[in-house]
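J.: I would like the atomic coordinates for the input below:
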Amino acid sequence: MVARRNLLSYPSDELFRRAGKERLLVAGIRRRNSWLSVGEYRQLHLSSEQLAFLRSSNGRLLVVAVNMADGEREISFDPGVADSGKLTSCFDPTITVAAAGRGFSLTLPAFGAQILSSV
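T.: The predicted model follows:
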């Protein structure tokens with residue numbers, strides 16, 4: 001039997017190796033929000049260099065967006081969840097993203113990531 005390992009605890013990609021502080025923040029977010037392991041998963045955006053996905057459970061919402069390009073990129077997505085008019089960064093609570101129409105638009109720096117929460 002192959003043992004499963006927690007990818008946040010044992011990162012293998014360059015993004016998480018280079019971003020030690022953010023890696024610790026991500027691990028803390030997951031520990032404080034056990035619902036992330038069991039909540040709904042939905043892919044919001046996928047391209048060759050960007051990814052955004054949603055985890056939600058019992059009215060709580062978390063969006064993870066990653067840019068693996070070597071330049072700044074804008075990612076647009078629609079979480080498709082009622083009352084998701086504003087999302088707040090889990091890395092820096094002073095950063096908020098407001099909905100534009102039915103969706104959100106987020107600019108990520110080169111090799112950057114953002115985790116946004118509705119709570």
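J.: got the contact list for Val64?
T.: 51-55, 113-116 (Cβ atoms under 8 Å, 6 or more residues apart in numbering). C-beta here means a position set from N, CA and C on the backbone, and glycine is covered the same way.
J.: Including pLDDT, distance to Asp70 and neighbour count, could the residues you listed go into a markdown table?
T.: What follows is the contacts of Val64, written out as a markdown table (pLDDT from 0 to 100; distance: Cβ to Cβ, whole Å; neighbours: other Cβ atoms under 10 Å):
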| residue | pLDDT | distance to Asp70 | neighbour count |
| --- | --- | --- | --- |
| Leu51 | 92 | 16 | 17 |
| Ala52 | 92 | 19 | 25 |
| Phe53 | 90 | 22 | 17 |
| Leu54 | 89 | 26 | 24 |
| Arg55 | 88 | 28 | 21 |
| Ala113 | 87 | 14 | 19 |
| Gln114 | 89 | 17 | 23 |
| Ile115 | 87 | 21 | 20 |
| Leu116 | 89 | 23 | 24 |
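J.: Looking at these, which are in strands?
T.: 51-55, 113-116 (DSSP state E).
J.: Identify the nearest residue to Tyr41 in space, disregarding sequence-adjacent positions?
T.: Once flanking residues are discounted, Tyr41 sits nearest to Arg55: 5.9 Å by Cβ to Cβ, 6 or more residues apart in numbering.
J.: make that Glu40, sorry
T.: Nearest one to Glu40, counting by Cβ to Cβ, 6+ apart, is Ser56 at 5.0 Å.
J.: So which bits of stretch 56-76 are buried?
T.: 56, 61-68, 73, 75 (16 or more other Cβ atoms under 10 Å).
J.: of all the contacts of Val64, which comes closest to Gly80?
T.: Nearest to Gly80 out of the contacts of Val64 is Leu54 (Cβ to Cβ; 8.1 Å).
J.: Contact partners for the nearest residue to that closest one once chain neighbours are set aside?
T.: Nearest non-adjacent residue to Leu54, counting by Cβ to Cβ, 6+ apart: Arg42, 4.7 Å away. By Cβ under 8 Å, 6+ apart, the contact set of Arg42 is 53-54, 56, 79-80.
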